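J.: Build me a model from this:
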Amino acid sequence: MKNHKGKVYLVGAGPGDCNLMTVRSHKLLSQAEVLIYDALIDIPQLELIPATCRKIEVGKRGGKPSTQQQEINRLLVENCKLGKQVVRLKSGDPFIFGRSSSEIQALKTAGCEFEVIPGISSALAAPLLAGIPLTDPVMSRCFAVMSAHEPDALEWEALVQIETLVILMGGRNLSELVWQLQKHGRSTETPIAIIRDCGRPEQQIWLGTLSNIVQQTAGQSLSPCVMVIGEVVRLREYLIQPESTNMIDTPVTTNNSKLPLAGKTILVTRSVSQSAEFSDRLQQQGARVIEMPALVIGPPSTWEPLDSAIAQLSSFHWLILTSHNAVDCFFQRLQAKGKDARSLFGIKIAVVGQKTAESLRSHSLQPDFIPPNFIADSLVENFPDNLQSCKILFPRVESGGREVLVKEFTAKGAQVIEVPAYQSCCPETIDPIALSALQNQAVNIITFASSKTVHNFCKLIEKSPELSRYQDRLKNVCIASIGPETSKSCQNLLGKLDVEAKEYTLDGLTEAIVEWVQARL
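T.: Predicted coordinates for the structure are as follows:
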């Protein structure tokens, strides 16, 4: 993706878990300059998307406003002609009910280069993840996949003759689908499985027959779901793991009662590009994780100060990077200006925290100094060099927040050049799944990895009428913080704090949560 000619990649995102995407898809996402994605895409899990990438959501979620297809076509063509590398990210596979044909025709008409990258369709992934085989030598020698967006348009007389049916986009039309199947000859005792949110931590499964599935799912929101109809559904009890045999209306991936966080629902409020790794840690301990991004990382309002500093890198003695975001954004801009790590020859680098150090190492550089306790406040006190006349470059979030650090460095004779490397903003709305969980008081633990996430969490709560006076209902919710500064914000804004990590890392926070839960058994 280093050429200056624009190109559009129509990429299949798979069923929802970024670990189930292809290697090619991951690589393209890590290099994208513009991302145009559907609402069913789990952006919080796609941690490879660069902070500088422009992200455009175009809807496509059933029952909610969506961008018109003509406008999506225009966005693709426009950004491609601007010389951008555009990823058009679609749920599942681009050619399985993905409307890719219209977009390809628009790109061809405009003379735009494009490439289609396959993905795993939920039609195949959902049954597999639920332990249901679509084919069997006896029960299912073939299967058919269909969209139930318009049930009346389907050839039901032919479909009922096929042993196994896989239905997408049918959650809102379940009663109509069941009626049509029975009307055209399918037995009322035909097994059916409904798999909602396949491949995600909140995946749920309902098992039943055509005679009782409507009653079983009454009052439930089924979308997005995949339905499997046929005798192969009965094979599930023989093919799934023994500890997972009772999964009706139960999150599949968090049903191991032997794990320390089993039965706990944890809300993660990290940024959209950083939540996946922490979520994985918690899920490995048995938790059901719901991601509510409370930060959106993007480019600063102007690159001029950072560009000016990059042009004079040789004049600096130290480069200080206090976050994963600072590392990524600094090196992305360094590359954009035609430079690389060699430009830092002779400059020492200080980082705050092991995670920031790991980010630096991904650029083939070792930090010269990491302060103890992984906190920025100990930088000056333990700094290894004489600060008198020391010139320091400090790329940071545009909104600032490290005034004390800069003041202490300056007081000891250092010249600190602060430059905005990225913006950290509050999202406009709460993720619908997180909103529903908070509204129904289904969250046991809320985690905060920075003071900014606490502030933004409160802003989002205040903007949501469904969560009126929610903070008054935090009595039975555990508030977990990664470190002292974040803990202060929790106390000041939420009025409580239950858990603080002893080691100020994601591993430390996970360990502290596990200890807190086990102490209450």
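J.: I'd like the next helix or strand past the longest strand along the chain.
T.: Scanning the chain for the strand with the most residues, using DSSP state E, yields strand 415-425. Moving toward the C-terminus from strand 415-425, the next helix or strand (DSSP states H and E) is helix 432-439.
J.: Show me which residues of that next one are buried.
T.: 433-435, 437-438 (16 or more other C-beta atoms under 10 Å). Heads up, the C-betas are built off the backbone N, CA and C, glycines and all.
J.: Now tabulate the residues you listed in a markdown table and tack on distance to Glu381 and pLDDT.
T.: Below are the buried residues of helix 432-439 laid out as a markdown table (distance: C-beta to C-beta, whole Å; pLDDT from 0 to 100):
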| residue | distance to Glu381 | pLDDT |
| --- | --- | --- |
| Ile433 | 43 | 73 |
| Ala434 | 39 | 82 |
| Leu435 | 43 | 83 |
| Ala437 | 41 | 81 |
| Leu438 | 40 | 87 |
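J.: out of those residues, which one sits closest to Gly346?
T.: Distance to Gly346 across the buried residues of helix 432-439 (C-beta to C-beta) is lowest for Ala434, with 46.6 Å.
J.: Is it correct that the closest one is in contact with Leu267?
T.: Yes. Ala434 is within contact range of Leu267, at 6.3 Å (criterion: C-beta atoms under 8 Å).
J.: list the residues that contact both of the two?
T.: Residues touching both Ala434 and Leu267 by C-beta atoms under 8 Å, 6 or more residues apart in numbering: 290-292.
J.: State the pLDDT value of the nearest residue to Lys355 once chain neighbours are set aside.
T.: Computed as C-beta to C-beta, 6 or more residues apart in numbering, the closest residue to Lys355 that is not its neighbour in sequence is His324, at 5.5 Å. Here, the pLDDT recorded for His324 equals 84.
J.: Check Thr67 too.
T.: The pLDDT attached to Thr67 in the predicted structure is 84.
J.: Count the residues that sit near it.
T.: Thr67: 17 surrounding residues under other C-beta atoms under 10 Å.
J.: Can you name the residues that contact the residue nearest to it when sequence neighbours are not counted?
T.: Computed as C-beta to C-beta, 6+ apart, the closest residue to Thr67 that is not its neighbour in sequence is Val58, at 3.9 Å. By C-beta under 8 Å, 6+ apart, the contact set of Val58 is 36-39, 66-67, 71-72, 75.
J.: Let's see that with 6 Å instead.
T.: 36, 67, 72 (C-beta atoms under 6 Å, 6 or more residues apart in numbering).
J.: Among these, name the ones in helices.
T.: Using DSSP state H, Ile72 are the members of these that sit in helices.
J.: Which one of the contacts of Val58 is nearest to Arg172?
T.: Each of those was checked against Arg172 using C-beta to C-beta; the closest is Thr67, at 20.3 Å.
J.: Look up how far Ala144 lies from the closest one.
T.: Using C-beta to C-beta, to the nearest Å, one gets 30 Å for the distance from Thr67 to Ala144.
J.: With Leu20 instead?
T.: In terms of C-beta to C-beta, Leu20 sits 23 Å off from Ala144.
J.: How far away from the center of its chain is stretch 295-315?
T.: Distance of stretch 295-315 from the chain centroid (C-alpha atoms, centre = their mean, to the nearest Å) equals 26 Å.
J.: got it, and stretch 207-222?
T.: The answer for stretch 207-222 is 29 Å, by C-alpha atoms, centre = their mean.
J.: Could I get the buried residue list for it?
T.: Applying 16+ other C-beta under 10 Å to stretch 207-222 flags 207-210, 213, 217, 222 as buried.
J.: per-residue confidence for Leu467?
T.: The model reports Leu467 with a pLDDT of 87.
J.: now the one 4 residues further on
T.: According to the model's per-residue confidence, Gln471 sits at a pLDDT of 75.
J.: could I get the buried residues of helix 432-439 as CSV with distance to Lys5?
T.: Output for these, formatted as CSV (distance: C-beta to C-beta, whole Å):
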residue, distance to Lys5
Ile433, 39
Ala434, 40
Leu435, 42
Ala437, 45
Leu438, 46
